[in-house]
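Undergrad: With the input below, show me the fold.
(chains A, B, C and D)
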Amino acid sequence: MSIKVLYFASLKDRVGRSGDELNIEAPLSVLEVWQRVNPNMNIPDTLLAAVNMEYVGLEAEVNDGDDVAFFPPVTGG
Amino acid sequence: MSIKVLYFASLKDRVGRSGDELNIEAPLSVLEVWQRVNPNMNIPDTLLAAVNMEYVGLEAEVNDGDDVAFFPPVTGG
Amino acid sequence: MTIKLCAEIFDPWQELADFQGQAAGMAGKYGATGIFVGTMRDFNQGDEVRGMHLEHYPGMTEKQLQRIVEQAQGQWQLLDVLLIHRIGQVSPNDTLVLVAVWSAHRGDAFDASRFIMENLKSQAPFWKRETLESGQIRWVKKNSNGYLKQP
Amino acid sequence: MTIKLCAEIFDPWQELADFQGQAAGMAGKYGATGIFVGTMRDFNQGDEVRGMHLEHYPGMTEKQLQRIVEQAQGQWQLLDVLLIHRIGQVSPNDTLVLVAVWSAHRGDAFDASRFIMENLKSQAPFWKRETLESGQIRWVKKNSNGYLKQP
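TA: Coordinates of the predicted model:
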């Protein structure tokens, strides 16, 4: 089972990568995904998360094949 | 002493004139101006009045040389 | 501030392009443009409308429009304002009014453009006389309040 | 509804003219068009800005924009909506965003265009990276709330 993790904008600069591939054995929460791929970095307070392009809370479940995205507050318009 | 009276839109149709010239001996209120030039017609409830292109109430004073305008609610835009 | 009464058909997009193109001093300063375009519909109050005449009070109309824009400039930080209103004989799909407000921030642009439109609707001496499909001619009695939601 | 992400400079007035010209079915039905144009300024937070990069999340951005417009269509009576947002490298005075809403009544046009802009600002996954005159590069941290009056 594998999930894709994406980072955008200043968060991408901060983690130093645009994404990760993560192999999991069972569904994880979004927070657990973050902790697996960034074990040495606390999750930023203002971070936003999306699963399959929908906004979710950190408790949302992530399953095989899902895309998880982490990014800072949006600043379009 | 003379003042000019103007009518617009549906009010012009109703009074059947676009304006009147009125000779006065002393300042009058806007309401008195109406009563002089339209002695047989009560002033309509929704009427608006302007003296020299500024909105006024019916108690406003009208002096020599003033333009008094009467018109229905405005419907621009 | 530019205020125009226009007796001919005008193209709001061309007017906006021209105005902004000439306003070189604003370039880089405005982050927000709030625009409203009012267009003549082919229906009103349940009836089909074939044409309309826009009467106004020459002199007072310009004076009131200028005061409304000045009031907006006093309440919000605006870089410039363009206001064009049609007069005379108009047909369905003709532009009746264009209000455009340039400012640094979007809140000011939204608030000021709406303020100008609502005050224009309630204070500027224009009157609409419609010719219906049936041939009947009638004066429009009253403008609606633009802050209330339509049923 | 038309939603476009645009990697090149676009002219909002031309886009409006083209869109309205093709929307023949709307002719005579819309009395009100509410429009907002966001433009890149040459200053931000007290600093001169030379250029900007607009990053976005391909796929999610379109999805969120579509949802915002659908929400507006659910809340107000709209005839059509045009939304264009720039992406990529932009320069001061470039148009960043265009939102236009056509409706029968002005209240709906004003409310819906503002709703779409505010939701776009808070929900659509775009991020601005500014290059200052000094050469310094920085991410814009947060959008302001467009309903609050500027100081």
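
Undergrad: Following the helix or strand harbouring A:Ala50 in sequence, what is the next regular element?
TA: In the assignment (DSSP states H and E), A:Ala50 maps to strand A:48-51. Remark: after strand A:48-51, the chain's next helix or strand is strand A:54-56, criterion DSSP H and E.

Undergrad: buried ones in that next one?
TA: Neighbour-count burial for strand A:54-56, with 16 or more other CB atoms under 10 Å in any protein chain shown as criterion, is recorded at A:Val56. (C-beta placed from N, C-alpha, C; glycine too.)

Undergrad: one step back: is the strand holding A:Ala50 anywhere near chain D?
TA: Yes. If you take CB under 8 Å from any CB of the partner chain as the test, strand A:48-51 does meet chain D, through A:Ala50.

Undergrad: how close does A:Ser29 get to A:Pro44?
TA: The gap separating A:Ser29 from A:Pro44 is 17 Å, by CB to CB, to the nearest Å.

Undergrad: what does C:Asp94 give?
TA: Counting by CB to CB, the gap from C:Asp94 to A:Pro44 is 54 Å.

Undergrad: pLDDT below threshold where in chain C?
TA: C:150-151 (pLDDT under 70).

Undergrad: what's across from the closest residue to chain B within it in the sheet?
TA: Using CB to the nearest CB, C:Phe126 is the residue of chain C that sits closest to chain B, at 2.7 Å. For C:Phe126, the beta-bridge partners are C:His56 (DSSP bridges).

Undergrad: That one: how many residues sit nearby?
TA: When neighbours are defined as other CB atoms under 10 Å in any protein chain shown, C:Phe126 has 28 of them.

Undergrad: For the chain, which segments count as strands?
TA: No chain in the question, so chain A it is. All strands of chain A, identified by DSSP state E, fall at A:2-7, A:19-23, A:28-29, A:48-51, A:54-56, A:61-62, A:67-71.

Undergrad: Chain C, not that one
TA: Under DSSP E, chain C gives strands at C:2-6, C:32-39, C:43-44, C:47-56, C:80-86, C:88-90, C:95-103, C:126-132, C:137-139.

Undergrad: Just put those strands in CSV and tack on distance to D:Phe36.
TA: Converted to CSV, the strands of chain C look like this (distance: least, CB to CB, whole Å):
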stretch, distance to D:Phe36
strand C:2-6, 20
strand C:32-39, 6
strand C:43-44, 27
strand C:47-56, 27
strand C:80-86, 15
strand C:88-90, 26
strand C:95-103, 10
strand C:126-132, 26
strand C:137-139, 34
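
Undergrad: so which of those comes closest to D:Arg50?
TA: Nearest to D:Arg50 among these is strand C:32-39; the distance by CB to CB comes to 20.5 Å.

Undergrad: so the closest one versus strand D:32-39, what angle?
TA: Relative orientation of strand C:32-39 and strand D:32-39, computed by axes from the mean of the first three to the mean of the last three CA atoms, to 10 degrees: 160 degrees.

Undergrad: Can you spell out which helices and strands pack onto strand C:32-39?
TA: In terms of contacts (3 or more CB pairs under 8 Å, 6 or more residues apart in numbering or on different chains; DSSP states H and E), strand C:32-39 is packed against strand C:95-103, helix C:106-123, strand D:32-39, helix D:106-123.

Undergrad: how about the third one as PDB, C-alpha atoms only?
TA: Below are the C-alpha coordinates for strand D:32-39, written out as PDB (Å, rounded to 0.1, in the frame of the first residue of the first chain):
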ATOM      1  CA  ALA D  32     -26.500  43.400 -13.700                       C
ATOM      2  CA  THR D  33     -22.900  42.400 -14.100                       C
ATOM      3  CA  GLY D  34     -20.700  42.500 -11.000                       C
ATOM      4  CA  ILE D  35     -17.000  42.400 -11.700                       C
ATOM      5  CA  PHE D  36     -13.800  42.400  -9.700                       C
ATOM      6  CA  VAL D  37     -10.400  42.700 -11.200                       C
ATOM      7  CA  GLY D  38      -7.300  42.100  -9.000                       C
ATOM      8  CA  THR D  39      -4.100  43.600 -10.300                       C
END
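
Undergrad: Provide a list of residues in contact with the residue of chain C positioned farthest from its centre.
TA: Residue distances from the centre of chain C (CA atoms, centre = their mean) peak at C:Ser134, which lies 28.1 Å from the mean C-alpha position. When contacts are counted by CB atoms under 8 Å, 6 or more residues apart in numbering or on different chains, C:Ser134 touches C:Asp47.

Undergrad: Please tell me how far it sits from C:Val49.
TA: Applying CB to CB, the value for C:Ser134 to C:Val49 is 10 Å.

Undergrad: hey, what's in contact with both of the two?
TA: Joint contacts of C:Ser134 and C:Val49 (CB under 8 Å, 6+ apart) do not exist.

Undergrad: so what's A:Glu25 closest to, chain neighbours aside?
TA: Spatial nearest neighbour of A:Glu25, chain neighbours left out: A:Met1 (6.7 Å); criterion: CB to CB, 6 or more residues apart in numbering or on different chains.

Undergrad: I'd assumed A:Leu22 was in contact with that neighbour.
TA: No. Counting by CB atoms under 8 Å, A:Met1 stays clear of A:Leu22, with 9.2 Å between them.

Undergrad: more crowded one of those two?
TA: Higher neighbour count among A:Met1 and A:Leu22: A:Leu22, with 16 against 13, using other CB under 10 Å.

Undergrad: Please list the residues of chain C that sit near chain A.
TA: With CB under 8 Å from any CB as the criterion, chain C meets chain A at residues C:Arg106.

Undergrad: List the pairing partners of the strand holding A:Ala50 within its sheet, with orientation.
TA: Sheet pairing of strand A:48-51 (DSSP bridges) gives strand A:54-56 (antiparallel), strand A:67-71 (antiparallel).

Undergrad: can you list contacts of that strand?
TA: Outside strand A:48-51, the residues that touch it by CB under 8 Å, 6+ apart are A:30, A:34, A:55-58, A:60, A:62, A:66-74, D:57, D:60, D:125.

Undergrad: mind listing what C:Pro92 touches?
TA: Applying CB under 8 Å, 6+ apart, the residues contacting C:Pro92 are C:40-42, C:49-51, D:27-28.

Undergrad: contacting residues for the residue nearest the centre of chain C?
TA: Ranked by distance to the mean C-alpha position of chain C (CA atoms, centre = their mean), the top residue is C:Val97 at 3.1 Å. Applying CB under 8 Å, 6+ apart, we find C:Val97 in contact with B:76-77, C:36-38, C:83-86, C:117, C:120.

Undergrad: before we move on, back to that, looking at C:Asp94 and A:Pro44, which is more packed in?
TA: Neighbour comparison, C:Asp94 and A:Pro44: the larger count goes to C:Asp94, with 16 against 13 (by other CB under 10 Å).
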